[in-house]
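**Student:** sequence below, structure please.
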Amino acid sequence: MHAQAAEAYIVQELRRGLSPTLYYHGLHHTLDVTAVAMELAAAEGVTDAEALCLLRTAALYHDAGFLRTYQGHEAEGCELVRVTLPDFGYSPDQIEQICVMIMATQYPQEPRSQLAEILCDADLDYLGRPDFEPISTSLFKELTARELIADEYEWYQLQANFLTHHRYWTPTTVARRAASKQARLDRILALLAAWPNPDGNFQNV
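**Tutor:** So this is what the prediction gives:
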């Protein structure tokens with residue numbers, strides 16, 4: 001398994017091939033998720049060298065499907081994994097483990113292993129981080145560019161719904177991020193409740 005070569009390959013492909021309007025899902029997001037995943041793995045006591053290697057590869061490939069499509073990018077990313085990783089010496093079983101991790105990040109998340117839980121939490125770590133605002137703004141900009149949301153009010157509704165139904169999986173992330181994520185949800189709900197209708201009245205949330 002030539003993991004470093006596989007990682008160098010996908011980073012180069014992402015740098016070269018991702019749309020410049022992926023303001024949130026750009027290479028910077030992939031590198032952030034990879035760093036957080038490895039930090040979480042250490043905090044969660046993962047020490048097996050192969051497991052750590054597969055987790056790192058999955059993190060670097062988890063949004064590679066954006067090279068091909070926007071909707072359903074997880075499945076496209078798995079196809080890319082299956083096509084490219086055999087050339088880097090990954091076995092069919094290792095490739096399957098990586099694909100299981102990548103597909104677990106599809107919303108709603110359904111991780112069924114410790115490694116998948118770590119990757120899911122790393123992918124949405126920002127929801128409970130101090131840099132939530134600039135990162136969420138980049139997602140708003142990305143969705144607006146694709147005409148997937150109509151306006152700021154719809155954006156806050158989307159955020160409120162997402163934060164309400166999202167959960168963290170690893171004990172480490174629950175301890176680190178859950179409280180601040182809940183506080184952020186409370187602020188967004190309060191903002192929506194105070195949002196005026198065109199007639200000057202307030203919304204009922």
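**Student:** who's in contact with the most centrally placed residue in the chain?
**Tutor:** Closest to where the C-alpha atoms of the chain average out (CA atoms, centre = their mean) is Asp123, at 3.1 Å. Contact analysis of Asp123 by CB atoms under 8 Å, 6 or more residues apart in numbering lists Val33, His62, Thr105. Every residue, glycine included, has its C-beta placed from N, CA and C.
**Student:** among the residues you listed, which are in helices?
**Tutor:** Within these, residues falling in helices by DSSP state H are Val33.
**Student:** buried residues of stretch 181-201, list them for me.
**Tutor:** Lys181, Arg184, Leu185, Ile188, Leu189, Leu191, Leu192 (16 or more other CB atoms under 10 Å).
**Student:** thought the fourth one was touching Phe162?
**Tutor:** No: here Ile188 lies out of contact with Phe162, judged by CB atoms under 8 Å, at a distance of 9.8 Å.
**Student:** tell me where the model's unsure across this protein.
**Tutor:** 198-205 (pLDDT under 70).
**Student:** go again with 90.
**Tutor:** Along the chain, segments meeting pLDDT under 90 span 196-205.
**Student:** tell me where the longest helix sits in it.
**Tutor:** helix 171-193.
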